[in-house]
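Asker: Structure, please.
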Amino acid sequence: MRAILFDFGGTLDWPRHWLDRFLTHYHDAGLRLTRAELDPAFDFATRTAYRSSAALRNHGLAELIPFLVNHQLEYLRDVESRQAPRFAARLGMDSVMRELTRRISGAFVEESLVGLARSRAVLGTLRPDLKIGVVSNFYGNLERILDDAGFTPLVAAIADSGRLALYKPDPGIYRAALATLAVPATDAIMVGDSLDKDCAPACALGMRTVWLRHPDAPPADDQARSHADFTITSLDELNDLLCRIS
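Answerer: Coordinates of the predicted model:
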């Protein structure tokens, strides 16, 4: 094995899906949404960020997350409140919108920085001849965020969908990373928290795959699990796993 690719969100930054992380911070800020209520707002903000990748290119995490939260809240205020009026009065106040954006974003960023520091330490212990890449559905600014978090000396390839206009599970985004590393798929392994978006396309290309299974991940059926050669519950388990399969 000559290369290892990592997903970013839910893998390197914090071992939990961003939607679930946002939901926790909404609750902590006093907005008791359900996951089903936040989901369309989360999707709206994500799609808005994809379309805004050129404008977001130089955003660090401290600028990106408020952008996403503000669009989530605007969706909840302008669209979701028609179905759930209990949000309408509160989110109609600009001061409340600003305070919620500040609190939710600050907590999310703080949590992310802790997770990134832990992941950076893990990647720093990988054997030095192993080329490292990051493959993510992101917003054109993943290189900036990884650089801010101290990953630049460790990562040799970054495949950011906002730069490539290729989105997982499109195998082209994996091919782009492997081409940068000059490593064939059969000599690489993919680590990610999504069986469908990380493991399945990597497996189809001939890569070995590691599923980072979150403790709160829903049960996966046998077909989905078949795309993962190995399963871990923490990146701390990765070195031992690589020693066993090298």
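Asker: The host helix or strand of Glu99 - what's its average pLDDT?
Answerer: Element membership for Glu99 (DSSP states H and E) is helix 94-124. For helix 94-124, mean pLDDT rounds to 96.
Asker: Could you point out the helix or strand that follows it?
Answerer: Counting by DSSP H and E, what follows helix 94-124 is strand 131-136.
Asker: That following strand pairs with which strands?
Answerer: Within its sheet, strand 131-136 is paired with strand 3-6 (parallel), strand 157-160 (parallel), according to DSSP bridges.
Asker: What residues sit buried inside stretch 31-51?
Answerer: Neighbour counts over stretch 31-51 (16 or more other C-beta atoms under 10 Å) mark Leu31, Leu33, Glu37, Leu38, Ala41, Phe42, Phe44, Ala45, Thr46, Thr48, Ala49, Tyr50 as buried. For every residue, glycine as well, the C-beta is placed using N, CA and C.
Asker: Now find how far off-centre it is within its chain.
Answerer: Chain-centre distance of stretch 31-51: 15 Å, with C-alpha atoms, centre = their mean, to the nearest Å.
Asker: And for it, what's in contact with it?
Answerer: 18-20, 22-23, 26-27, 56, 64, 67-69, 71-73, 75-76, 79-80, 84, 87, 90, 100, 139, 161-162, 167 (C-beta atoms under 8 Å, 6 or more residues apart in numbering).
Asker: Those, buried ones only, as a PyMOL selection?
Answerer: Selection command for PyMOL covering only the buried members of these, criterion 16+ other C-beta under 10 Å:
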select buried, resi 18+20+22+23+26+56+64+67+68+69+71+72+73+75+76+80+87+100+139+161+162
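Asker: So which of the contacts of stretch 31-51 sit within helices?
Answerer: Among the contacts of stretch 31-51, the members found in helices (DSSP state H) are 18-20, 22-23, 26-27, 56, 64, 67-69, 71-73, 75-76, 90, 100, 161-162.
Asker: what's near enough to touch Gly140?
Answerer: Neighbouring residues of Gly140 by C-beta under 8 Å, 6+ apart: Ser53, Ala54, Leu56, Arg57, Asp160, Gly162, Arg163.
Asker: what's around the fifth one, how many residues?
Answerer: If I follow you right, that is Asp160. 26 (other C-beta atoms under 10 Å).
Asker: That one touches Phe138, doesn't it?
Answerer: Yes: with contact defined as C-beta atoms under 8 Å, Asp160 reaches Phe138; the gap is 4.7 Å.
Asker: Run through the chain and note the low-pLDDT ranges.
Answerer: Applying pLDDT under 70 to the chain flags the ranges 80-86, 88-89, 222, 224.
Asker: picking that back up, out of the strands paired with strand 131-136, flag the one nearest Ile245.
Answerer: strand 3-6 (11.1 Å; C-beta to C-beta).
Asker: chain center to the closest one: distance?
Answerer: Distance, centroid of strand 3-6 to centroid of chain: 15 Å (C-alpha atoms, centre = their mean).
Asker: What lies in contact with it?
Answerer: The contact list for strand 3-6 (C-beta under 8 Å, 6+ apart) reads 12, 123, 126, 130-135, 157, 174, 177-178, 181, 183, 187-192, 202, 207, 242.
Asker: Filter these down to the buried ones.
Answerer: 12, 123, 130-135, 157, 174, 177-178, 181, 183, 188-192, 202, 207, 242.
Asker: quick check: angle from the helix or strand hosting Pro40 to helix 18-28?
Answerer: Secondary structure assigned from DSSP H and E places Pro40 in helix 35-51. Between the axes of helix 35-51 and helix 18-28, defined by axes from the mean of the first three to the mean of the last three C-alpha atoms, to 10 degrees, the angle is 120 degrees.
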